[in-house]
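Asks: Quick one, what's the 3D model for this:
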Amino acid sequence: MAITYIRRTDARPPRHYKGPLPEGQRRRRSGGGSSSRRSGGGGAPRSGGNSRGKRNYQEMNVDLSKLINKAQPQQEVEVYTPVHTFADFKIDSQLKENILGKGYMTPTPIQDQSIPEVLTGKDVVGIANTGTGKTASFLIPLIDKVLKMRALGKDERILIMAPTRELAIQIEAEFYGFAKRLGISAVVCVGGAGLEPQIRQLRRKPAFVIGTPGRLKDLEERRELNFGDFQSLVLDEADRMLDMGFIPDMRFIVGKMPADRQTLFFTATMSRDIERLIGDFLKDPVRVTVKTRETAATIDQDVVFFSNSEEKFTTLVDLLKGPEFDKVLVFGRTKHGVERLTRDLTRAGVKAESIHGDKTHGKRQKALSLFKQDHVTVLVATDVAARGLDISGVSHVINFDLPGTYEDYTHRIGRTGRAGRTGKALTFVEKR
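Replies: Numbers count the residues shown, from 1 in each chain. As a prediction, this is how the structure comes out:
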């Protein structure tokens, strides 16, 4: 895909524009702030890569060959043939009805292979690309587990840890779709949202508690949560929690849980640190791996070169005003940079909203809602939006700033090219 553009006079950045500058033209400023682990927002600086731009920000080394790829026609993509149907699983009949009501007919590969193992009570490590249905892989069998234990007169409680508030909220929404008419409740415990409402819900002893590690630990320290009450644990997007610096909180929480619990560990990538966590947290786990390639075959990838900050901004506006750019995620480096870029895009006539760790919970949800409902065409975000968010129909992902690692790149562009559709990913790269 060749990228061409015509510079528009109305796209010129305003005089006050303070977007990211190329190497050699960096400003001395302390903007951006550090990510708040307890809020579940933002990301943390990574190791590896080149140290460029914002102080302590690690930018990935650019291998252009890995950023350019022509999407394969859909008929060339290998089709997975599931072993099971949802009707095959030995689960509650009302739960099956709810699954069908959500339009789930055939399990995805991770669902097909992991649900039977979870139903047996085994610890499971699920490794799969983003957007492959991991949430249902643990919610369906765990909801069934709660129902079966209730029938035996036992109180089964599930603790689910997620790296961001958006992912936690998304898990809760998915949960209630599966749990209709089953008399099972859930609560989301995340930073940036009111503490008292969460405490009131916790005191009702919901079967499912879904939260970010920092807020969960806060609630335990307030004696509103007792981790010893939970017999099952889910660590969702565990690699992202590791990246964000949640490991001490995770170890604190797991250390207070029963030793004979069932633990489910879902991740998109593996590393030595992840392997160490698996060894520490799980007992003889079954490994389910359905990850086949680093980036989806349905994503058309290309690069956009720029020489200076003005050209970079102008090119972005030209692209976003193109007719095919109808639902676009633009990733920036810092929270302050994302907010500035959103304001400047709006002044240039682009309907844009922002999402980052400094925004309140309510404002983040409003921005997501406006984007999902097509009231705005562009969502500018830090890596807080790179994982877990279920946003259908994203036509393009644009890396306005390079991510910290190639792994982060794959998660960013994984927001497009989903559900068998072809998506496009563009990465801005400075001319050398």
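Asks: need the contact list for the residue lying closest to Arg157 once chain neighbours are set aside.
Replies: Counting by Cβ to Cβ, 6 or more residues apart in numbering, Arg157 lies nearest to Phe230, which is 4.7 Å off, once chain neighbours are set aside. To be clear about C-beta, it is placed using only N, CA and C from the backbone, and glycine gets the same treatment. By Cβ atoms under 8 Å, 6 or more residues apart in numbering, the contact set of Phe230 is 157-159, 209, 257-258, 261.
Asks: If you count neighbours, what's buried in stretch 337-355?
Replies: Neighbour-count burial for stretch 337-355, with 16 or more other Cβ atoms under 10 Å as criterion, is recorded at 337-346, 348, 350, 352-355.
Asks: Between these, which sits nearest Arg204?
Replies: Using Cβ to Cβ, the shortest approach to Arg204 within the buried residues of stretch 337-355 belongs to Ile355, at 30.4 Å.
Asks: mind listing the helices for this structure?
Replies: Ranges of helices within the chain are 93-101, 109-119, 134-151, 165-178, 195-202, 213-221, 238-243, 247-255, 272-281, 309-320, 335-347, 361-372, 406-413, based on DSSP state H.
Asks: Switch these over to CSV; also include distance to Thr289.
Replies: Putting the helices of the chain into CSV (distance: least, Cβ to Cβ, whole Å) gives the following:
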stretch, distance to Thr289
helix 93-101, 24
helix 109-119, 9
helix 134-151, 12
helix 165-178, 21
helix 195-202, 35
helix 213-221, 25
helix 238-243, 14
helix 247-255, 22
helix 272-281, 13
helix 309-320, 36
helix 335-347, 34
helix 361-372, 31
helix 406-413, 16
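Asks: can I get the ones you listed in JSON lines with mean pLDDT and distance to Phe266?
Replies: Output for the helices of the chain, formatted as JSON lines (pLDDT from 0 to 100; distance: least, Cβ to Cβ, whole Å):
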{"stretch": "helix 93-101", "mean pLDDT": "95", "distance to Phe266": "19"}
{"stretch": "helix 109-119", "mean pLDDT": "95", "distance to Phe266": "8"}
{"stretch": "helix 134-151", "mean pLDDT": "96", "distance to Phe266": "5"}
{"stretch": "helix 165-178", "mean pLDDT": "92", "distance to Phe266": "11"}
{"stretch": "helix 195-202", "mean pLDDT": "95", "distance to Phe266": "24"}
{"stretch": "helix 213-221", "mean pLDDT": "95", "distance to Phe266": "15"}
{"stretch": "helix 238-243", "mean pLDDT": "84", "distance to Phe266": "7"}
{"stretch": "helix 247-255", "mean pLDDT": "94", "distance to Phe266": "14"}
{"stretch": "helix 272-281", "mean pLDDT": "91", "distance to Phe266": "11"}
{"stretch": "helix 309-320", "mean pLDDT": "95", "distance to Phe266": "34"}
{"stretch": "helix 335-347", "mean pLDDT": "94", "distance to Phe266": "27"}
{"stretch": "helix 361-372", "mean pLDDT": "87", "distance to Phe266": "22"}
{"stretch": "helix 406-413", "mean pLDDT": "81", "distance to Phe266": "14"}
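Asks: out of these, nearest to Lys70?
Replies: Lys70 lies closest to helix 406-413 among those, at 14.0 Å (Cβ to Cβ).
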